[in-house]
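Visitor: Dropping the sequence and predicted coords here.
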Amino acid sequence: MKSSDVAAKLGWPASKQTRLEYADRSYLHAAQLKDMSQLLDFPEKYFQQIPPASLSPEDLLFRAPVATPKKEKAYLAEFARSVGEVLEWLDDYHRLPPVKIPSLPPNTSTARAASEVRRSLGLAEDQPIAHLTHLAERAGVPVVMRGSTRPVTLHDPDEAGYEAVTEKHLGYSAHVGQHGDRPVTVIRANHSWERVRWTVAHEIGHVTLHARGVDEKSEDQANSFASELLAPARFVKDELPTHVTLASLTELKLKWGISLGALIIHLNTNRLIDSERFETLRRQLYTRTNSATGRTWGRDEPGWDAREVERPRLLATWMERCLGVAAPHAIAQLSGLWPSDIIASMISGQREKSANSHEKPAPKPGVGGNVVELDRWRREA
């Protein structure tokens with residue numbers, strides 16, 4: 001809804017709406033607060049908290065596609081800011097992992113930047129990365145995987161529903177929290193394990209090299225960083241076959257966990273194959289058909305089903321450690337701050353805890369039943 005629509009539905013002038021949005025402190029009658037809470041579908045308590053630091057579309061560490069509407073950019077910024085709110089709330093109960101990903105000057109070479117990040121992740125320079133998303137989260141960068149739908153309020157404020165996510169981007173990052181010191185990466189759910197890994201690597205590149213913002217060179221730099229992080233060129237060089245073909249590169253792809261498309265660009269950029277061989281490989285990639293799917297190798301490469309798609313776990317894990325539960329309705333009730341559909345949109349892409357996991361949630365006193373007396377729980381905690 002536009003601000004003018006909100007004001008009209010609540011029966012107050014647009015000037016009052018503007019004051020509410022921009023004033024440091026505003027006062028409402030209890031009935032007005034109740035009406036606003038019901039219309040916007042957020043608990044009354046949410047509007048009585050000190051507001052978090054704002055996050056504008058210009059603060060996002062990505063260059064949106066040209067056709068991206070302003071409304072969509074604003075939504076992406078608000079979603080990241082809301083994730084930051086939830087993270088700070090959880091951090092008050094159980095400290096999140098400290099941020100270990102280095103912040104380097106943007107003119108740092110991608111090879112050096114990738115080497116520094118590998119060191120921060122506890123990886124040897126010649127070691128393939130088994131589960132990049134897991135390592136990124138252990139290094140203090142929560143990853144949120146958004147689903148294919150998002151909650152919306154329909155024309156009638158009493159109705160709610162979901163709409164398909166039609167954004168063209170694959171992911172973005174931002175620094176969130178009251179002091180902007182926590183990087184967060186948001187990616188779209190994707191069936192391709194290659195695309196998800198590369199997107200996470202790309203976003204780590206933004207976090208590492210573009211903490212002060214992005215420019216027209218940032219996307220290419222993050223692309224180069226992602227490939228170098230996943231498959232360091234100086235080690236891949238020693239493993240290249242004498243005659244480089246898509247078939248002979250598939251073994252390297254599966255070892256290093258990088259797509260053939262990204263790998264052949266990486267090889268060409270680092271002059272490990274010439275331009276003629278690069279063009280030949282790329283043409284073959286986008287014309288050959290995968291017999292198992294009926295689509296080109298450019299869509300479903302050889303080895304497309306060789307790995308599980310990486311999914312994040314940190315947000316759900318911290319909810320379980322702090323509260324003993326990671327169910328959206330329970331989190332909404334315990335916090336009293338966010339609607340359950342907002343929480344659901346943040347954790348719907350989190351992976352399930354494996355059966356052999358050693359992670360054990362530490363329930364707080366008073367947590368576990370269907371109804372939680374939040375004030376008593378906080379006093380006892």
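Guide: Arrived safely, thanks for sending. Numbers count the residues shown, from 1 in each chain.
Visitor: Tell me how far Glu78 lies from Arg19.
Guide: 20 Å (CB to CB, to the nearest Å). (C-beta placed from N, C-alpha, C; glycine too.)
Visitor: same question, Ile129
Guide: Relative to Arg19, Ile129 is positioned 51 Å away (CB to CB).
Visitor: Looking at the two, which one has more neighbours?
Guide: Ile129 (21 against 12; other CB atoms under 10 Å).
Visitor: Over to Arg182: give its phi and psi.
Guide: Note on Arg182: backbone dihedrals following degrees, to the nearest 10 are phi -120, psi 110.
Visitor: tell me the SS of the residue located most distally from the centre of the chain?
Guide: Ranked by distance from the centre of the chain (CA atoms, centre = their mean), the top residue is Thr242, with 39.1 Å. When classified by DSSP: H, G, I helix; E, B strand; the rest coil, Thr242 comes out as coil.
Visitor: Per-residue pLDDT of it, please?
Guide: Residue-level confidence at Thr242 comes out at 89, pLDDT.
Visitor: Ile187 contacts Val200, correct?
Guide: Yes: under the criterion of CB atoms under 8 Å, Ile187 makes contact with Val200 at 6.6 Å.
Visitor: These two - which one has more neighbours?
Guide: More crowded of Ile187 and Val200, by other CB under 10 Å: Val200, with 31 against 25.
Visitor: Now do the same contact list for that one.
Guide: 132-133, 136, 143, 171, 185, 187, 310 (CB atoms under 8 Å, 6 or more residues apart in numbering).
Visitor: hmm, try it at 6 Å
Guide: Val200 is in contact with 132-133, counting by CB atoms under 6 Å, 6 or more residues apart in numbering.
Visitor: ok, now the one 10 residues further on?
Guide: Each residue near His210 by CB under 6 Å, 6+ apart is listed here: 61, 218.
Visitor: Apply 8 Å and report the result again.
Guide: 61, 106, 218, 221-222.
Visitor: Equivalent analysis for Ser227, please.
Guide: Contacts of Ser227 (CB under 8 Å, 6+ apart): 198, 201, 258, 262-263, 265-266, 269.
Visitor: Go again with 6 Å.
Guide: Counting by CB under 6 Å, 6+ apart, Ser227 touches 262, 266.
Visitor: and it, which of the three is it?
Guide: With three-state DSSP as the basis, Ser227 sits in helix.
Visitor: Export only the CA atoms of the host helix or strand of Asn223, formatted as CSV.
Guide: Applying DSSP states H and E as the criterion places Asn223 in helix 218-230. Extracted C-alpha coordinates of helix 218-230, given in CSV (Å, rounded to 0.1, in the frame of the first residue of the first chain):
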residue,chain,number,x,y,z
SER,A,218,31.5,-4.5,-8.8
GLU,A,219,29.5,-7.2,-10.5
ASP,A,220,32.3,-8.3,-12.8
GLN,A,221,34.7,-8.2,-9.8
ALA,A,222,32.3,-10.4,-7.7
ASN,A,223,31.9,-12.8,-10.6
SER,A,224,35.7,-13.2,-10.9
PHE,A,225,36.0,-13.6,-7.1
ALA,A,226,33.3,-16.3,-7.0
SER,A,227,35.1,-18.5,-9.5
GLU,A,228,38.5,-18.0,-7.9
LEU,A,229,37.1,-18.8,-4.5
LEU,A,230,35.5,-22.0,-5.7
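Visitor: hang on, the earlier thing: from the contacts of His210, which is closest to Ser345?
Guide: Distance to Ser345 across the contacts of His210 (CB to CB) is lowest for Leu61, with 20.4 Å.
Visitor: Relative to Thr199, how far out is that closest one?
Guide: Distance, Leu61 to Thr199, by CB to CB: 13 Å.
Visitor: what do you get for Ala262?
Guide: According to CB to CB, Ala262 stands 11 Å off from Thr199.
Visitor: Leu39 now?
Guide: 36 Å.
Visitor: try Gln333
Guide: Per CB to CB, Gln333 is found 33 Å from Thr199.
Visitor: between the two, which one's more packed in?
Guide: Summary of the neighbour comparison: Gln333 and Thr199, criterion other CB under 10 Å, with Thr199 having more neighbours (24 against 16).
Visitor: quick one: low-confidence ranges for this structure?
Guide: 148-168, 354-381 (pLDDT under 70).
Visitor: Please, where are all the strands along it?
Guide: Assigned by DSSP state E, the strands in the chain fall at 143-146, 149-153, 160-164, 171-176, 182-188.
Visitor: what packs against the fourth one?
Guide: This points to strand 171-176. helix 70-91, strand 182-188, helix 193-209 (3 or more CB pairs under 6 Å, 6 or more residues apart in numbering; DSSP states H and E).
Visitor: JSON lines for these, including distance to Ala231?
Guide: Converted to JSON lines, the helices and strands packed on strand 171-176 look like this (distance: least, CB to CB, whole Å):
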{"stretch": "helix 70-91", "distance to Ala231": "29"}
{"stretch": "strand 182-188", "distance to Ala231": "20"}
{"stretch": "helix 193-209", "distance to Ala231": "10"}
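Visitor: now for the ones you listed, which one comes closest to Thr110?
Guide: Closest to Thr110 of these, according to CB to CB: helix 193-209, at 7.5 Å.
Visitor: Just give the number of residues close to Leu39.
Guide: 16.
Visitor: ok, now which ones touch the residue nearest the centre of the chain?
Guide: In the chain, the residue lying closest to the centroid (CA atoms, centre = their mean) is Val186, at 1.5 Å. Residues in contact with Val186 (CB under 6 Å, 6+ apart) are 80, 144, 172.
Visitor: neighbours of the second one, just the number please.
Guide: Put plainly, it is Val144. Val144: 23 neighbours (other CB under 10 Å).
Visitor: partners of the spatially closest residue to it that is not a sequence neighbour in the sheet?
Guide: Counting by CB to CB, 6 or more residues apart in numbering, Val144 lies nearest to Val186, which is 4.8 Å off, once chain neighbours are set aside. Assessed by DSSP bridges, Val186 has beta-bridge partners Val144, Tyr172.
Visitor: gap between Val186 and Ala67?
Guide: From Val186 to Ala67 the distance is 19 Å (CB to CB).
Visitor: Nothing else from me, thank you.
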